[in-house]
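show me how the following folds:
(2 chains)
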Amino acid sequence: MPHRTFIWFILPTALAMILFIGLPIVSSFFQSLHIENEQVLMEVENCDPFGCTTNVRVDVEATEKIEAENPLGRFNGFGTYTDRNHLAFDEIREAWDNKTSIGEFKDIVLNLPFYKALLFTLTFCFAVTPPVIVLGFIVALSVNTLAKNLKGLIVFGTILPMIVTPLIGSLVLFWMIDSQGIIGASIQILFDDPNLSLKASSNLTWITLIIYGIWHNTPFAFVVFYAALQTVPQDPLEAAYIDGATRFERVRFIVIPHLYPVATFIMLICLMDNFRVFEPIIGFSAEGVAQSLSWMIYQDLRNENKMLFGSAGATSMLTILGIAFLLTPVLIRTWKEFKTER
Amino acid sequence: MNQTINKYSKQIIIVNSIFILFWLTISIFPFIWTLWGSFKVKADFFSRADWTYALSGFNTLIETGATTTIKAYLESWTEGEFGRATMNTMIVTVSVVSISLFLGTLGAYALSRSTFKYTFYILIIALVFRAMPHITLVSGYLFPFFQLNIWGILPTTIIVLVAINQPFTLWLLYSFFKTVPKELDESALIDGCSYFQAFRYIIMPVMWPGVVTAGLFSMMLAYNDFTVTALLLNQHNYTMVPKINAYLGTVEYGGNYMWAVSSVVSATAPLFMIIWFFQKQLISGLTAGAVKG
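I've put the predicted structure just below:
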């Protein structure tokens, strides 16, 4: 295809992507270098029969004027990145200098908003992915043995958790584990503790979120494994059968090695998708004990008084950095695939 | 031979059936429970006294005179303006799917037919774009959109969703176009078709399975989106998912839980029906490309 024709074909989609994916990232970066305008303060003298008092008030007019001149705020360089709500270099240095033990230092660092969110995001990523792969594989094996006329129905039932949006999926589960819902109430009866609630302790909330993550992601792993199972070569299986291998041995030494590349693919996609975990936190109302990086951005943009564009931009940039880290293996894989295709 | 290998012993069949039933319970039961509960009142679905009330409809009987009620549906669709949200979702979904497919098929066709090296780089960039968390993009949109005064309206959201959806659509359609033999459009070119004519009259008619699959994924993205719609639309223009979230927490709706429960059912039912019809395409799409939507 000549260059000119190619350009005309690709132009609309390229334009859409550059304008609404490329530019926003640049815009986010610029925002992150700026910080909200300071409010202009003025002293007002109030006099009444008992004497005069001076109050400090916000000069609304002057503040608005600055806002209009400089809507993005004032330039702050990388200040937002290092402030308390992000990388918090000063706080960490201080904690390191004053530490009495490593444990104490760790506690202080992990209570800083950014590191707290990072800890949850990573815990979620790495706690959800392995069970998803194992469970997805078992379900795929299991569905694969079923009679053909049953498969369609059961595959449909299996993929439901993946189809609904995370917010709705988590709400549906949340209503059941609520202390007044069916599972929550049953657990209370089971442990004979009327105050037991999955929302009560932060550990239980984290576990609930992770279980939700497994529930939501397993169907994807299942679908990919299920499709891959159809491509397992039959000849080695037959040979193994003749040589007297049991069913388990055939799965262990023939099927699983055949599915290794698929498993790494699922793992990478899962890690990347879970790194942006956000909606379940809202669905489970878990903001109090579990914050993720994406949730921090959402919170900055939802700020009641003023949207904190600078702060949201800085967190976005740091999140993208994390994604880039996770994405590298995927890119290398795609690169290799392309090289072999050519 | 095949028969003997694939013959399962009785124990395996029993264990397997139990496992499948157990798994299906986990994946389906929450939805059935929500559907059932949406016809009860709050005191039953979130019963402080006894969860079996949700089954018997104890309080529902007291409050409404019958064991099931459609009160929550009626109220959310009228007072809660859920009908409006449904309308918005339909507008957004239909527009996003059609625009996405239009842009995506053109681009993917070019990528699959060009032999130059830059196609590879475009695809890699698309892969990187696909990995960007939507919320980081939204944080980039808000400020310029406020300045340009295009925040809060449906067209902006539609264009944004189309753009966010492009990388995945491109990859998916690219892998489908690759399976269509080149000879097909080459012969058309020799016969005097332009590239666009070859694309429109020769390739598109055999591409429908791929287009349906890509359309299905665009639909799911637009229909399910929360991040973009919640932050880029004003309350009045909310689509279904942010609307449900609004029922839960905001002052306006006073945390009206049963509205949210019934709306969840209203929102998921059509989605499940569509997926039921297009299940094959969904699965082929998930396994076709190297990416997931």
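
mind telling me what element the closest residue to chain A within the stretch 101-250 of chain B is part of?
Among all residues of the stretch 101-250 of chain B, residue B:140 sits closest to chain A, at 2.9 Å; criterion: C-beta to the nearest C-beta. From N, CA and C alone the C-beta is placed, and that goes for glycine too. Assigned by DSSP states H and E, residue B:140 belongs to helix B:134-148.

domain map for chain A?
Using automatic domain parsing, the domain ranges for chain A come out as A:35-71, A:76-104, A:115-341.

give me the distance between the two termini of the second one.
Which is domain A:76-104. Distance between the two ends of domain A:76-104: 32 Å, counting by C-alpha to C-alpha, to the nearest Å.

mind listing what's buried along that domain?
Applying a neighbour-count criterion of 16 or more other C-beta atoms under 10 Å in any protein chain shown, the buried positions in domain A:76-104 are A:76, A:80-81, A:83, A:85-88, A:91-92, A:95.

same check on stretch B:64-72?
Under the neighbour-count criterion of 16+ other C-beta under 10 Å, stretch B:64-72 has B:69, B:71-72 buried.

for that stretch, C-alpha coordinates in PDB please.
Only the C-alpha atoms of stretch B:64-72 are listed here, as PDB (Å, rounded to 0.1, in the frame of the first residue of the first chain):
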ATOM      1  CA  THR B  64     -46.700  -3.200  50.500                       C
ATOM      2  CA  GLY B  65     -49.300  -6.000  51.000                       C
ATOM      3  CA  ALA B  66     -47.600  -8.600  48.800                       C
ATOM      4  CA  THR B  67     -44.400 -10.600  49.100                       C
ATOM      5  CA  THR B  68     -42.900  -9.100  46.000                       C
ATOM      6  CA  THR B  69     -42.900  -5.500  44.900                       C
ATOM      7  CA  ILE B  70     -41.800  -3.400  41.900                       C
ATOM      8  CA  LYS B  71     -41.700  -0.300  44.000                       C
ATOM      9  CA  ALA B  72     -38.000   0.200  43.700                       C
END
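
rewinding a little: how many neighbours does the residue of the stretch 101-250 of chain B closest to chain A have?
The local packing of residue B:140 (other C-beta atoms under 10 Å in any protein chain shown) involves 27 other residues.

so what's the residue count around the closest residue to it other than its chain neighbours?
Beyond its immediate neighbours in the sequence, the residue positioned closest to residue B:140 (C-beta to C-beta, 6 or more residues apart in numbering or on different chains) is residue A:24, lying 2.9 Å away. Other residues near residue A:24 number 26, with proximity taken as other C-beta under 10 Å.

returning to that earlier point: nearest to residue A:171, of the buried residues of stretch B:64-72?
residue B:72 (14.4 Å; C-beta to C-beta).

quick check: what element follows the helix or strand where that closest one lies along the chain?
For residue B:72, the enclosing helix or strand under DSSP H and E is helix B:71-78. Per DSSP H and E, the first helix or strand lying C-terminal to helix B:71-78 is helix B:82-113.

report the buried residues of that following helix.
Taking 16+ other C-beta under 10 Å as the basis for neighbour counts, the residues of helix B:82-113 that come out buried are B:82, B:84-86, B:88-89, B:91-93, B:95-97, B:99-101, B:103-113.
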